[in-house]
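> Sequence first, then the predicted structure:
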Amino acid sequence: MSERKWTVVVVPPGVGASKVIEVSHRLLKTATGFGTVVALGALVLGYGLVSRSLNLRHADQLERQNAALAEELTRLHSQLSSLSDTLRTIALQDARIRLLANLEPNDPGVQQAGIGGPSSPSAESASLMSAGVLGRRTEDIRVDLGALIRRANLLAASFNEAHDSLEHHRDRLAAMPSIMPTTGWLSSAFASMREHPILHIARPHEGIDVTAPMGSAIQSPASGMVAKAGWETGYGNVVEIDHGFGIQTRFAHCSKLLVHAGERVERAEVIAEVGNTGLATGPHLHYEVHVNGKAVDPLKFVLPDVVVD
């Protein structure tokens, strides 16, 4: 059987002889297949070049993002270090405040490291760790931040405790009869037993006598509530003040009373004037301090720079 052939007639435009070309069927199939292969090869090559270009562009973008992230992590780490220094300074102040508030100091180890902490990395942190340097730095910052938060919470609790204690002590300090009620000279001291200057019998002297000019101002030595203001046998005109915390004061032989029972008074507020009412040999203030019902030497409460002249 003869091989099939294809006849191709090439007719030029205008004047000219036509050309006849005979092509075998086998040659035509071979040429067509080769063209297809070439076309596919060009297509694959083109895709590879485009894909490589996209990958390079994506890698460059990731590199820029990683550089920006690294810079941000460095900034955050610097801020965390600064915050740590600030908390360390606050912790020192907290220690001083706790001392003033009569509280036990916090454990230094707890102050530095916070309370507890993860014993092993979480799945998320493990994933970060596997990402390389950035992952490790991110995990370090996460751990540092957690410790700082715990330290801040500890300091906040400590400050609240100190505040409550100082509030309590402030009220107690306000109740302390720490100033002399009047100026003058100490004419008779506190004594468990002495001879009464008028009755001439031995009896306890449950306060101090301060000689001062008639009408001299008598001040409350601490804040409190007036429990009594009136006449009492032996004491004459007397004022009694309840300062709370079991502390009471008494001011006797006054010439004039300037407060009344139930009135609130503050430290250094004038409550009466010096006189010689009751059993008295001359103008003076008889001043007593009682703690839980027991007489105590008033000078034990007076601050050193305000003792009687």
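Good, I have the coordinates.

> what about residue 295, which helix or strand?
Taking DSSP states H and E as the definition, residue 295 sits inside strand 294-296.

> Output the contacting helices and strands for that strand.
Packing partners of strand 294-296 (3 or more C-beta pairs under 8 Å, 6 or more residues apart in numbering; DSSP states H and E): strand 284-291. C-beta: built from backbone N, CA, C; applies to glycine.

> could you dump the strand it packs on to PDB, C-alpha only?
Taking Å, rounded to 0.1, in the frame of the first residue of the first chain, the C-alpha atoms of strand 284-291 are listed here in PDB:
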ATOM      1  CA  HIS A 284      -2.800  76.000 137.400                       C
ATOM      2  CA  LEU A 285      -3.900  73.100 135.100                       C
ATOM      3  CA  HIS A 286      -4.300  69.600 136.600                       C
ATOM      4  CA  TYR A 287      -3.900  67.300 133.600                       C
ATOM      5  CA  GLU A 288      -4.500  63.500 133.600                       C
ATOM      6  CA  VAL A 289      -4.300  60.800 131.000                       C
ATOM      7  CA  HIS A 290      -6.100  57.500 131.400                       C
ATOM      8  CA  VAL A 291      -5.500  54.400 129.200                       C
END
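
> Which residues outside that strand are in contact with it?
177, 181-182, 184, 187, 206-212, 216, 218, 235, 246-254, 274, 276, 280, 295-298, 300-301 (C-beta atoms under 8 Å, 6 or more residues apart in numbering).

> Only the buried residues of that strand, if you could.
284-290 (16 or more other C-beta atoms under 10 Å).

> Stretch 227-236 now?
Neighbour-count burial for stretch 227-236 [16+ other C-beta under 10 Å]: 229, 235-236.

> before we move on, what about stretch 259-268?
259, 265, 267.

> Out of those, which one has the weakest pLDDT?
Ranked by pLDDT, the buried residues of stretch 259-268 bottom out at residue 267 (94).
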